[in-house]
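>>> Build me a model from this:
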Amino acid sequence: MRHVDDTERRARLARRHAVSPWHRVGSPLQATRAMTVLHATEPATVHLSVHARVDDVTVDDVEAALYGERSLVKQLAMRRTLFVFPRDLLPAAWGSASARVATAHRARLVKEVESHGLTADGAAWLAEAEAAVLGHLAGGAELGAQELREALPALQGRIGGRTDKKYDLSIPIAPRVLTQLGLEAKLVRGRNGGHWRTSRPRWTLMSSWLGEVPAPSTAADGYAELVRRWLRTFGPGTSADLQWWLGATKTAVTTALSAVGAVEVSLDDGGRGWLLPDDLEPEPPVRPWAALLPVLDPTVMGWKERSWYLGPHGPGLFDTNGNAGTTAWWDGRVVGCWVQDDDGRVRVSLLEDVPAEGVAALEVEAGRLSRWLDGVRVLTVYPSPAMVAAR
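Next comes the predicted model:
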């Protein structure tokens, strides 16, 4: 059995993820393909993840790929998380990960509108609301959730807020309907109505946004394609990694691994991982490298089993819900985080001793990111304990 040690895994990460300064790529689309998808829960993550992998990229370059060329498209998919997909990968997600989330979301939404007294027939109410939205956006209109709510009586209503519990908040039902339509590829989050750091999507029909909308893949084919691309980016990874990343069942993962002909390999921790059959050659070493990655960057979030690059620092770098904060990398391992001061300058906070070469390289990356941000401060709702302590 082929053995892939942690040193080789870190070399693969440096090249495949384009995070080493020596292996960056040339465009937002190439950066996204390198990672399979980019996390987009926080809109700034998309821009910062691209910047980490592309020299001389601008905010306008990222916006052009998202909203001009539309080579990159936002789609809710695995684990009910918002991602940026390369356009050609969308059908795979629509037929598999997005479809799985859509089924569960629809059932819950129907139940909620009934239990909160909006209607006695949740399915009929939802069908009417969906038809109203699709009709209103016909012809290429792009509208925000509030504009749609104000224009359409079918979207009126709120759920929650019936108890005094802090988490029980009264919220409008309209965004839940838009989410359902987005999961089913009937709507898409189009242009952003605010600054690139904020999320104010203007919803539009998928057919208006993309023109010709391809048919979703079958579930089996969709999962196989997602697994194929994930292995190219993150391999070797374990079945547990894949099941977590996909938000899928163990059976779906096993079937997909078989479909792509994945080959089992041994890992340093005694576990077993998987590689694609044409990706078994040993990875050459890479020169030492430094990188600063944003909150929820896909490199940090790509595996469930992370000790080979996190070491003992996991509790300090993730919040209690498993969301990764900013990370500072030296030679394939996370060694700290980064924050911004009041003037927007980036400052690295180390969690362990790093050689002088590494400290210097991290300072170079901090300067590069500070110049790119040019005083713009990026806030987050997912600060890690290490970030809080560094401020």
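
>>> pLDDT weak spots in the stretch 201-350 of the chain?
In the predicted model of the stretch 201-350 of the chain, no residue satisfies pLDDT under 70.

>>> Just give the number of residues close to Leu102.
To be clear, residue 102 is Ala; Leu isn't right here. 21 (other CB atoms under 10 Å). Yep, even glycine has a C-beta here, placed from its N, CA and C like the rest.

>>> Quick check: chain neighbours aside, which residue is closest to it?
Once flanking residues are discounted, Ala102 sits nearest to Leu183: 3.8 Å by CB to CB, 6 or more residues apart in numbering.

>>> and that neighbour, what does it touch?
By CB atoms under 8 Å, 6 or more residues apart in numbering, Leu183 lies in contact with 76, 98-99, 101-102, 105.

>>> Just the ones of those in strands?
The members of those that map onto strands under DSSP state E are Leu76.

>>> can I get the contacts of Leu183 in CSV with distance to Asp297?
Below are these laid out as CSV (distance: CB to CB, whole Å):
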residue, distance to Asp297
Leu76, 19
Ser98, 22
Ala99, 26
Val101, 22
Ala102, 26
His105, 26
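
>>> Just the buried ones among the contacts of Leu183, please.
Listed as buried from the contacts of Leu183 are 76, 98-99, 101-102, 105; burial here means 16 or more other CB atoms under 10 Å.

>>> Which ones among those residues lie within helices?
Counting by DSSP state H, those place 98-99, 101-102, 105 in helices.

>>> which parts of stretch 150-160 are buried?
Buried residues in stretch 150-160, counted by 16+ other CB under 10 Å: 152, 154-155, 157, 159.

>>> and if you look at stretch 308-327?
308-310, 313, 316-319, 323-327.

>>> Likewise for stretch 363-378?
Buried, per 16+ other CB under 10 Å, within stretch 363-378: 365-366, 368-370, 372-373, 378.

>>> swap in stretch 127-143?
129-130, 132-133, 136-137, 141-143.

>>> before we move on, back to that, show me the two of the buried residues of stretch 308-327 that sit farthest apart.
Using CB to CB, these reach their maximum pairwise distance at Trp308 and Asp319, which is 21.3 Å.

>>> which residue ranges form the strands in the stretch 151-300 of the chain?
Applying DSSP state E, counting those that start in this stretch to the stretch 151-300 of the chain gives strands spanning 158-159, 171-172, 187-192, 201-205, 263-267, 272-275, 290-293.

>>> List the contacts of Gly316.
Residues near Gly316 by CB under 8 Å, 6+ apart: 337, 351, 384-386, 389.

>>> circling back: I'd like the buried residues of stretch 308-327 as a markdown table, with distance to Ser71 and secondary structure appended.
As requested, the buried residues of stretch 308-327 are exported to a markdown table (distance: CB to CB, whole Å; DSSP: H, G, I helix; E, B strand; the rest coil):
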| residue | distance to Ser71 | secondary structure |
| --- | --- | --- |
| Trp308 | 33 | helix |
| Tyr309 | 29 | helix |
| Leu310 | 32 | helix |
| His313 | 35 | coil |
| Gly316 | 36 | helix |
| Leu317 | 31 | helix |
| Phe318 | 31 | strand |
| Asp319 | 32 | coil |
| Asn323 | 27 | coil |
| Ala324 | 26 | strand |
| Gly325 | 29 | coil |
| Thr326 | 27 | coil |
| Thr327 | 27 | strand |
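
>>> For those, give me JSON lines that also has distance to Ala34.
Output for the buried residues of stretch 308-327, formatted as JSON lines (distance: CB to CB, whole Å):
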{"residue": "Trp308", "distance to Ala34": "20"}
{"residue": "Tyr309", "distance to Ala34": "17"}
{"residue": "Leu310", "distance to Ala34": "21"}
{"residue": "His313", "distance to Ala34": "24"}
{"residue": "Gly316", "distance to Ala34": "27"}
{"residue": "Leu317", "distance to Ala34": "22"}
{"residue": "Phe318", "distance to Ala34": "23"}
{"residue": "Asp319", "distance to Ala34": "26"}
{"residue": "Asn323", "distance to Ala34": "22"}
{"residue": "Ala324", "distance to Ala34": "18"}
{"residue": "Gly325", "distance to Ala34": "22"}
{"residue": "Thr326", "distance to Ala34": "20"}
{"residue": "Thr327", "distance to Ala34": "17"}
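
>>> any idea how far the residue nearest to Pro201 when sequence neighbours are not counted lies from Phe83?
Leaving aside its chain neighbours, Pro201 sits nearest to Arg189 (3.7 Å; criterion: CB to CB, 6+ apart). Distance check for Arg189 against Phe83: by CB to CB, to the nearest Å, it reads 11 Å.

>>> if I look at those two, which residues touch both of them?
Common neighbours of Arg189 and Phe83, using CB under 8 Å, 6+ apart, are Lys74.

>>> I'd assumed Leu76 was in contact with Val101.
Yes - with contact defined as CB atoms under 8 Å, Val101 counts as touching Leu76 (6.7 Å).

>>> Show me the helices in the stretch 51-200 of the chain, by range?
59-63, 90-95, 97-115, 122-136, 145-151, 174-183 (DSSP state H, counting those that start in this stretch).

>>> Correction: the previous question concerned the stretch 201-350 of the chain.
Using DSSP H, counting those that start in this stretch, helices in the stretch 201-350 of the chain cover 206-210, 219-234, 239-246, 250-259, 298-301, 307-310, 314-317.

>>> Perfect, that will be all.
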